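> I'll drop the sequence and a predicted model, then ask my questions.
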Amino acid sequence: PNCPVIAIDGPTASGKGTVAALVAGRLGYHYLDSGAIYRVLAVAVERAALNPDLPVDLLRIIPMAANLPVQFRDDRILLGGVDVSESIRTEDAGVMASRLAVVPEVRAGLLQRQRDFRQAPGLVADGRDMGSVVFPDSFLKVFLTASAQVRAERRVRQIEGRGQKADFQAIYSDLMARDKRDSERAVAPLRPCEDALVLDCSNMPIDQVVSTILNWAQERI
Ligand code: C5P
């Protein structure tokens, strides 16, 4: 349970998911996409037609978080046995995930599920609070960021890559709203922790980001 963890935190669309998966691959470590867990809960909540702003609904959502029937199988993500790998990636699921993420009981309910990913030989975990809350004893904490412009452009390319239409302005303002909600919430707000190394990758190709992090890891192993 005390195997090494690398925490990669940062705002939405900073590229941390891609980077974290590549770093994990290079080290032969496991990989945790913690945002996916919040997104799976979001899909479960949407399917149950629950509204986290309603206290009665929230009373049902909190136990859902603690008992979320999520499974990661190869590169697929299952909710109650149903493949939700695509449906968790919509903007709606992202917005709902971020609304659920402000609820302390939801965060607490999802904590153990995230910690279960810590298995030999090691883990690379990406999210918002990997270094601060979930794995505070990570041997390397990276805060990966990029300008809002670059992140919105990246999101547009991702969406268009799936053959869907993307509206830059809408995506840009959604991203700003999500950043604001994530960084202003009382519990586990999005910000670099004191011992994190901040990496702004606005003008860096992905392989350079990966090699920078691998170098930092090597210095500490
Ligand atoms: O990273 P991703 O965009 O998939 O995460 C979706 C939402 O889940 C984020 O906007 C954030 O509100 C929430 N989240 C979180 N803590 C994490 C991972 C994600 O609050 N560790």
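Alright, I've got the coordinates. Numbers count the residues shown, from 1 in each chain.
> how many neighbours does the nearest residue to residue 209 once chain neighbours are set aside have?
Excluding the flanking residues, the one nearest residue 209 by CB to CB, 6 or more residues apart in numbering is residue 201, at 4.8 Å. Just so you know, the C-beta spots here come from the backbone N, C-alpha and C atoms, and that holds for glycine as well. Neighbour count for residue 201, taken as other CB atoms under 10 Å: 21.
> tell me the SS of residue 62?
Three-state call for residue 62 (DSSP: H, G, I helix; E, B strand; the rest coil): helix.
> shouldn't it be in contact with residue 103?
Yes. In this structure residue 62 lies within contact range of residue 103 using CB atoms under 8 Å: 7.4 Å.
> tell me the contacts of the residue minimising distance to the centre of the chain?
Nearest residue to the geometric centre of the chain (CA atoms, centre = their mean): residue 35, 2.8 Å. By CB atoms under 8 Å, 6 or more residues apart in numbering, residue 35 lies in contact with 17, 97, 126-128.
> can you lay out the residues you listed as JSON lines showing secondary structure and pLDDT?
Formatted as JSON lines, the contacts of residue 35 follow (DSSP: H, G, I helix; E, B strand; the rest coil; pLDDT from 0 to 100):
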{"residue": "17", "secondary structure": "helix", "pLDDT": "93"}
{"residue": "97", "secondary structure": "helix", "pLDDT": "95"}
{"residue": "126", "secondary structure": "strand", "pLDDT": "97"}
{"residue": "127", "secondary structure": "strand", "pLDDT": "95"}
{"residue": "128", "secondary structure": "coil", "pLDDT": "92"}
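> so which of those reach the ligand?
97, 127-128 (CB under 6 Å from any ligand atom).
> setting aside sequence neighbours, what's the nearest residue to residue 193?
What sits nearest to residue 193 in space, not counting adjacent residues and going by CB to CB, 6+ apart, is residue 132, at 4.5 Å.
> show me what the helix ranked longest in the chain is packed up against.
In the chain, taking DSSP state H as the definition, the longest helix is helix 168-184. Helices and strands touching helix 168-184, as assessed by 3 or more CB pairs under 8 Å, 6 or more residues apart in numbering; DSSP states H and E, comprise helix 91-100, helix 148-161.
> what's the most buried one of these?
helix 91-100 (a mean of 20; mean count of other CB atoms under 10 Å).
> tilt between it and helix 168-184?
Orientation check (axes from the mean of the first three to the mean of the last three CA atoms, to 10 degrees): helix 91-100 against helix 168-184 gives 20 degrees.
> and for helix 91-100, what's in contact with it?
Taking CB under 8 Å, 6+ apart as the rule, helix 91-100 contacts 12, 35, 38-39, 41-43, 45-46, 52-53, 61, 65, 87, 106, 171, 174, 178, 181-182.
> which bits of the chain sit near the ligand?
Counting by CB under 6 Å from any ligand atom, the chain comes close to the ligand at 12, 34-35, 38-39, 94, 97-98, 101, 127-129, 178, 182.
> regarding the closest residue to residue 75 other than its chain neighbours, what is its secondary structure?
Spatial nearest neighbour of residue 75, excluding adjacent residues (CB to CB, 6+ apart): residue 85 at 7.5 Å. Assigned by three-state DSSP, the conformation of residue 85 is coil.
> can you pull out the strands in the chain?
Under the criterion DSSP state E, the chain contains strands at 5-9, 30-33, 70-73, 76-79, 82-83, 123-127, 140-145, 197-200.
> related to what we said a few turns ago, for the record, mean pLDDT for the longest helix of the chain?
Here helix 168-184 scores 90 as its mean pLDDT.
> since that was my last question, I'll sign off now.
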